[in-house]
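Novice: okay, sequence plus prediction incoming.
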Number of protein chains: 2
Amino acid sequence: MTKHTSARETPGPASGSRVRILAAATRIAQAHGYGGLNFRDLAEAVGIKAASIYHHFDSKADLGAAVARRYWQGTADALEELLARSPDSLSSLHRYPELFRKALESGNRICLCSFMAAETDDLPEVVKAEVKAFQDVNIAWLSKVLSAAAVVDPAQSGQRARAIFAAIAGAQLVARSHADIAVYDALVDSYRNAGLLPA
Amino acid sequence: MTKHTSARETPGPASGSRVRILAAATRIAQAHGYGGLNFRDLAEAVGIKAASIYHHFDSKADLGAAVARRYWQGTADALEELLARSPDSLSSLHRYPELFRKALESGNRICLCSFMAAETDDLPEVVKAEVKAFQDVNIAWLSKVLSAAAVVDPAQSGQRARAIFAAIAGAQLVARSHADIAVYDALVDSYRNAGLLPA
DNA sequence: GTCTATCTACCTAACGATCGTTAGGGTCGA
DNA sequence: TCGACCCTAACGATCGTTAGGTAGATAGAC
């Protein structure tokens, strides 16, 4: 059994086209942001024409929200799987940075929602809500795992979770600007040496 | 004596208009990025017409580079001043997060170069160079201060400097998406509690 | 079995808005 | 008179979006 498909919440056909559009849009938005995502380039990446996207999504805002929703749902699944596959909480926490490393591995991209967080002012409300959901998923997971691993006092696990999330996002950003994944690894190491992440 | 004006490196008139354009462009780019910065909105903010900007800058790339250059020079000046005004290295390090807090105070903006770092793929080469200079300025200052304050082993001060810089950038990003400056303060506190920043 | 109606998934073509940019002209102080 | 400074007007490109049409699969009626 591989990753289960999350229930769709938006109307529309369940064809593979929709998923292919979402996947391509995700990759583009991870490199160019919501503002840098345009229908013509996206359509070309999928192998269709720009107007055809409207058969699957009502508008760019609708597409953006669907992309961000699929993104945090995929992350939620990956976090669950990480927890299930790890021998204990501490080792799953240790592997948390790997999830964000993947974006950098894939063409020096960053987390979709980090980019979108920067674009907050220009984001439709529906998209902003999904970006927030992504943060909530990450912080809730980190908070739970930090408590379980007894890394910090349970009363402070929420704050520490936020700090780890923010620091990882920043590391990704800096590493991207250097186009060097080694910078990311070094930053994660530094976080461990400094005590932000358990060694 | 207030802040000295850094020597300009680009040709053009030395009028106040140029500075006013740069200041307005900085504010816009801190909220909407390089891609979200456009000549018509910028001109309106300054009180002139879009075409008039070309009397001061050759192109958008030239403008963007000038904006980023002015930004890191201003930061370099502020860091120098911070060091001069502080009783010791440790207290100037303690006040470092205040510099990045200012952007959030000013209309929930973020560091210009954090936004631009996300936009790396769509940035002209001249702009990218100035963004890198901003990082270098910050990391060099932090590294120097960390060594002087004996917070970390001098051999590791560069790495720790990078980690602090990245973490602060991430905190700013997360705080902005919440449109809540208290989130930033809480994150900085967490960094101190965790040991990333000296308590 | 075949005709017909419907639906999915895509297309071409174009709309109005907005983008960076340019040409060319006016105004005013040195 | 000349250059600094700003203007109007427009260029071609690109943006999200819409109208309207076509090929193929499907399903129900006869």
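Specialist: Happy to help now that I have it. Numbering: from 1, shown residues only, chains lettered A, B, ... in the order given.

Novice: what is the burial count for A:Ala166?
Specialist: Neighbours of A:Ala166 under the rule other Cβ atoms under 10 Å in any protein chain shown: 29. For every residue, glycine as well, the C-beta is placed using N, CA and C.

Novice: ok, the most centrally placed residue in chain A - contacts?
Specialist: With the centre of chain A defined as its mean C-alpha position, the nearest residue by Cα atoms, centre = their mean is A:Cys111, 4.7 Å away. Neighbouring residues of A:Cys111 by Cβ atoms under 8 Å, 6 or more residues apart in numbering or on different chains: A:30, A:100, A:103, A:169, A:172.

Novice: which single one of the residues you listed is nearest to chain B?
Specialist: Among the contacts of A:Cys111, A:Ala169 lies closest to chain B (Cβ to the nearest Cβ), at 4.3 Å.

Novice: checking whichever residue of chain A sits closest to chain B next. Helix, strand or coil?
Specialist: Chain A approaches chain B most closely through A:Gly170 (2.6 Å), counting by Cβ to the nearest Cβ. Assigned by DSSP: H, G, I helix; E, B strand; the rest coil, the conformation of A:Gly170 is helix.

Novice: in what helix or strand does the closest residue in space to A:Thr75 that isn't next to it in sequence lie?
Specialist: Excluding the flanking residues, the one nearest A:Thr75 by Cβ to Cβ, 6 or more residues apart in numbering or on different chains is A:Val137, at 6.0 Å. Assigned by DSSP states H and E, A:Val137 belongs to helix A:125-148.

Novice: hmm, that helix touching DNA strand D?
Specialist: No. Counting by Cβ under 7 Å from any atom of the strand, DNA strand D is not contacted by helix A:125-148; separation bottoms out at 11.7 Å.

Novice: list the buried ones in that helix?
Specialist: Buried positions in helix A:125-148, judged by neighbour count with 16 or more other Cβ atoms under 10 Å in any protein chain shown: A:127-128, A:130-135, A:137-139, A:141-148.

Novice: what do you get for stretch A:77-95?
Specialist: Across stretch A:77-95, burial judged by 16+ other Cβ under 10 Å covers A:79, A:82-83, A:89-90, A:92-94.

Novice: report how many residues lie close to A:Val183.
Specialist: 19.

Novice: who's in contact with it?
Specialist: Contacts were defined as Cβ under 8 Å, 6+ apart; by that measure A:Val183 touches A:171, A:174-175, B:162.

Novice: so for it, what's the pLDDT?
Specialist: Per-residue pLDDT puts A:Val183 at 98.

Novice: check contacts around A:Ile139.
Specialist: When contacts are counted by Cβ under 8 Å, 6+ apart, A:Ile139 touches A:158, A:161-162, A:165.

Novice: could you list the low-pLDDT ranges of chain A?
Specialist: Within chain A, the ranges that satisfy pLDDT under 70 run A:1-15.

Novice: can you tell if stretch A:39-51 touches DNA strand C?
Specialist: Yes. Remark: stretch A:39-51 sits within contact range of DNA strand C at A:43, A:47-51, by Cβ under 7 Å from any atom of the strand.

Novice: does that stretch reach chain B?
Specialist: No. Stretch A:39-51 is not in contact with chain B by Cβ under 8 Å from any Cβ of the partner chain; minimum separation 12.0 Å.

Novice: the residue of chain A closest to chain B and B:Ala175 touch, don't they?
Specialist: No. The criterion here is Cβ atoms under 8 Å, and A:Gly170 misses it with B:Ala175 at 11.6 Å.

Novice: returning to that earlier point: between the contacts of A:Cys111, which is nearest DNA strand C?
Specialist: Nearest to DNA strand C among those is A:Gln30, at 22.6 Å by Cβ to the nearest atom of the strand.

Novice: which stretch of helix or strand covers that closest one?
Specialist: Short version: A:Gln30 belongs to helix A:16-32, going by DSSP H and E.

Novice: what residues sit buried inside that helix?
Specialist: A:17-18, A:21-22, A:24-32.

Novice: send me the helix or strand A:Leu93 falls within as PDB with only the CA atoms.
Specialist: In this assignment (DSSP H and E), A:Leu93 forms part of helix A:89-94. What follows is helix A:89-94, C-alpha atoms only, in PDB (Å, rounded to 0.1, in the frame of the first residue of the first chain):
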ATOM      1  CA  SER A  89       9.800  10.100  18.200                       C
ATOM      2  CA  LEU A  90      13.300  11.400  18.400                       C
ATOM      3  CA  SER A  91      14.500   9.700  15.200                       C
ATOM      4  CA  SER A  92      11.400  10.900  13.300                       C
ATOM      5  CA  LEU A  93      12.200  14.400  14.500                       C
ATOM      6  CA  HIS A  94      15.800  14.000  13.400                       C
END
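
Novice: wait, does it contact chain B?
Specialist: No. Judged by Cβ under 8 Å from any Cβ, helix A:89-94 stays clear of chain B, getting no closer than 13.5 Å.

Novice: before we move on, the earlier item: hmm, which two among the contacts of A:Ile139 are most spread apart?
Specialist: A:Gly158 and A:Phe165 (10.8 Å; Cβ to Cβ).

Novice: centre of the chain to the helix holding A:Gln30, how far?
Specialist: Centroid displacement of helix A:16-32 relative to its chain, using Cα atoms, centre = their mean, to the nearest Å, is 13 Å.
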